[in-house]
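Peer 1: I'll drop the sequence and a predicted model, then ask my questions.
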Amino acid sequence: MKQIRIGMIGLDTSHCTAFTELLHDDTHPFHVPGGKVEVAYPGGSPDFPLSASRVKGISRDLEEKHGVQLMESPEAVAETVDAILLTSVDGRVHAEQFQRITPYQKPVFIDKPLAVCSKDAEEIAKAAASHGVPWMSASALRYAEPLVQLSASVEEAAVSGADCYGPMQMEPTQPGYFWYGIHTVEMLYSLMGPGCSRVSAVSTADHDVITGIWEDGRIGTVRGNRVGNVGFGGAVHLTNRSLPFDCSAAPKPYYAGLLERVIHLFRTGEPLIDPAETLEVIRFIEAANESRSDGCAVDVAVKETGG
């Protein structure tokens, strides 16, 4: 099959090297075939230390170890390749960068978080629909092997609820739960599916608990820890039993599972996550942030947006 020429936009996250190594190294035990990163735009956010401090090192690594050519703009990347990994670590810049590359009509994976507000998320979906651009966005935790295997072993209709846990560090430039909370929220949605109607959140210095009530009466929770357990896992509740899962209980890297789905998008133009669900994930987090701030339950309402 034809090797997909991939461009990368935003060289300020460890995901850049993780993705590139899995794609390029055919001796890697979890090598993902089908594409190669050929060009990249470094980008970076000067007011975000975890972004600004990484750009030079990651750019140098990709250029020297993997033969990636550095470009001067997102447009130059989009013009050159077949598909795009928008990996900028700063969710605030995704809408602007995405709108710059949609005229080139290349399929795009947008690394988490898709955006840090519903308004930007909806702008991304509208731009994609306007230009006919296939896209998807997800946390790699959605494709942790134990979670994937568990989801495959149960019927969606039998899931009466789920509880997920994970680390919950905060980052001032990425409001509230958008920085690390998105991982556990994506895990929850992979089990529950869309349809959450109301969200509430409680928080202490060390922990957070987010509770979502689905339209059909099911309940899903996210527990975030800033001390103690920093692993990812949870339990899914069925009509007749509950099943635990530990995301670290398999050797396969989370990124490999995600990248396999991204290559499927790039090759077929078909995302394996409904864009409407991704928009709801962003609104869920936004609503949880609102509840955390004012102490009240908040409705989850997503406008109809083309995707």
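Peer 2: Now that the structure is in, tell me what you want to look at. Numbers count the residues shown, from 1 in each chain.
Peer 1: could you pull out the helices for the stretch 1-150 of the chain?
Peer 2: For the stretch 1-150 of the chain, applying DSSP state H, counting those that start in this stretch gives helices covering 14-24, 49-52, 55-66, 74-80, 94-101, 118-131, 145-153.
Peer 1: as TSV, those helices with mean pLDDT, distance to residue 274 and mean neighbour count would be great.
Peer 2: (C-beta placed from N, C-alpha, C; glycine too.) Formatted as TSV, the helices of the stretch 1-150 of the chain follow (pLDDT from 0 to 100; distance: least, Cβ to Cβ, whole Å; neighbours: other Cβ atoms under 10 Å):
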stretch	mean pLDDT	distance to residue 274	mean neighbour count
helix 14-24	97	23	21
helix 49-52	96	29	16
helix 55-66	97	31	16
helix 74-80	98	24	19
helix 94-101	98	18	21
helix 118-131	98	11	19
helix 145-153	94	15	16
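Peer 1: tally of neighbours for residue 192?
Peer 2: Counted by other Cβ atoms under 10 Å, the residues lying close to residue 192 total 22.
Peer 1: what strand or helix carries the nearest residue to it once chain neighbours are set aside?
Peer 2: Of all residues not flanking residue 192 in the chain, residue 220 sits nearest, at 4.7 Å (Cβ to Cβ, 6 or more residues apart in numbering). Residue 220 belongs to strand 219-225 when assigned by DSSP states H and E.
Peer 1: which residues sit in contact with the residue nearest to residue 192?
Peer 2: Residues near residue 220 by Cβ atoms under 8 Å, 6 or more residues apart in numbering: 161, 162, 163, 164, 188, 191, 192, 196, 211, 212, 214.
Peer 1: quick check: it vs residue 285, distance?
Peer 2: For residue 220, the distance to residue 285 (Cβ to Cβ, to the nearest Å) stands at 13 Å.
Peer 1: thinking again about what came up before, after the strand holding residue 220, next one along is what?
Peer 2: Taking DSSP H and E, what comes next after strand 219-225 is strand 233-238.
Peer 1: and the average pLDDT for that following strand is what?
Peer 2: Per-residue pLDDT values over strand 233-238 give a mean of 97.
Peer 1: burial measure for residue 238, as a count.
Peer 2: Residue 238 sits with 15 neighbouring residues when counted by other Cβ under 10 Å.
Peer 1: just the CA trace of stretch 184-204, in CSV.
Peer 2: Provided in CSV are the C-alpha atoms of stretch 184-204 (Å, rounded to 0.1, in the frame of the first residue of the first chain):
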residue,chain,number,x,y,z
THR,A,184,-10.3,10.3,32.1
VAL,A,185,-13.3,12.0,30.4
GLU,A,186,-12.4,10.3,27.1
MET,A,187,-12.2,6.9,28.9
LEU,A,188,-15.6,7.5,30.4
TYR,A,189,-17.1,8.4,27.0
SER,A,190,-15.5,5.3,25.4
LEU,A,191,-17.6,3.2,27.8
MET,A,192,-20.8,5.3,28.1
GLY,A,193,-21.1,6.9,24.7
PRO,A,194,-22.6,10.4,24.2
GLY,A,195,-25.8,11.7,25.7
CYS,A,196,-24.7,13.3,29.0
SER,A,197,-27.3,15.9,30.1
ARG,A,198,-26.0,17.3,33.4
VAL,A,199,-22.6,17.6,35.1
SER,A,200,-21.5,18.5,38.6
ALA,A,201,-18.0,18.7,40.1
VAL,A,202,-16.5,18.9,43.6
SER,A,203,-12.9,19.6,44.3
THR,A,204,-10.4,19.7,47.1
